[in-house]
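J.: Attaching a predicted model along with its sequence, questions to come.
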There are 2 protein chains.
Amino acid sequence: MRGQALKGHLDLLLLAILADGARHGYAIIDELRKRSDEAFDLPEGTVYPALHRLQKGGFLSSEWTEVQGRRRRTYRLTEQGRGALGEQRVAWNDFTEAMSRVLKGAAWPDTP
Amino acid sequence: MRGQALKGHLDLLLLAILADGARHGYAIIDELRKRSDEAFDLPEGTVYPALHRLQKGGFLSSEWTEVQGRRRRTYRLTEQGRGALGEQRVAWNDFTEAMSRVLKGAAWPDTP
DNA sequence: ACTCTATACTATGTTTGGCTATGTGTCAAT
DNA sequence: ATTGACACATAGCCAAACATAGTATAGAGT
């Protein structure tokens, strides 16, 4: 997946993953990779700071858990986070619709 | 339209507009606003530097014209630019498909 | 005359946010 | 012992959209 495409859309992805249930960071990365069919293979340096940011903004809560000697910080959506997910879904739809309106106006090289 | 959503997708928009024919900067902004149904109302400080960047990259060529005392720099797609448009269209489709795969997995608040 | 708006381009600086790179530590398998 | 998967953290980089301001012409309104 090309570089900075998901700029501004990462939060939506993370919120969407967490809407299906609480997960810890590493599992979120995994799930993102699986669901997107390998398209989104995000580095930890991208995801962890984003999770911190979302928690700081009140969209996520988190708690430490210990599983077989490994500490995990498990995140879950707050009420506010669920609201933000809805808003961002709408924003994403608006965005893609606007994009297609612009793109459909343009001629394809090989379309009559 | 929320702020930095089109980060990384602006080039595609500009190339798409210019695929329908040469235009000058201001007209591109207009066309973008119209086609997107007011969703993309981009400031000049966003579009002009992007056009310069695209020209520098060899995707656009430009020439000065004088229309009723107003100078205009008219841009047109180069062959390379047309190629880039194709690639970026594919990348955009891949991106949106990956997004929907992730998003469709998540539960809507009010869907059974 | 004067002002305002629309047209049209340029330059400078700021900021956002994803990414690189690096570091910590555990556990299982080789 | 060492590698690799698991799991988290953070300092710093950098592209790119945006804010802001400046220049200049034309036409409409007052």
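T.: Alright, I've got the coordinates.
J.: what's the nearest residue to A:S36 if we skip its chain neighbours?
T.: The spatially closest residue to A:S36, leaving aside those adjacent along the chain, is B:A98, at 4.2 Å (Cβ to Cβ, 6 or more residues apart in numbering or on different chains). Yep, even glycine has a C-beta here, placed from its N, CA and C like the rest.
J.: Quick one: name the residues of chain A near DNA strand C.
T.: Applying Cβ under 7 Å from any atom of the strand, we find that chain A lies next to DNA strand C at A:3-4, A:6-11, A:42-46, A:49-50, A:68-70.
J.: any idea how far A:T78 lies from A:K56?
T.: 12 Å (Cβ to Cβ, to the nearest Å).
J.: who has more neighbours, these two?
T.: When A:T78 and A:K56 are compared on other Cβ atoms under 10 Å in any protein chain shown, the one with more neighbours turns out to be A:T78, at 17 against 9.
J.: Excluding chain neighbours, what is closest to the more buried one?
T.: The shortest distance from A:T78 to any non-neighbouring residue, by Cβ to Cβ, 6+ apart, is to A:S61 (5.4 Å).
J.: which residues sit in contact with the most centrally placed residue in chain A?
T.: The C-alpha lying nearest the average C-alpha coordinate of chain A belongs to A:L13 (Cα atoms, centre = their mean; 1.6 Å). Taking Cβ atoms under 8 Å, 6 or more residues apart in numbering or on different chains, we find A:L13 in contact with A:6, A:32, A:40, B:99, B:102.
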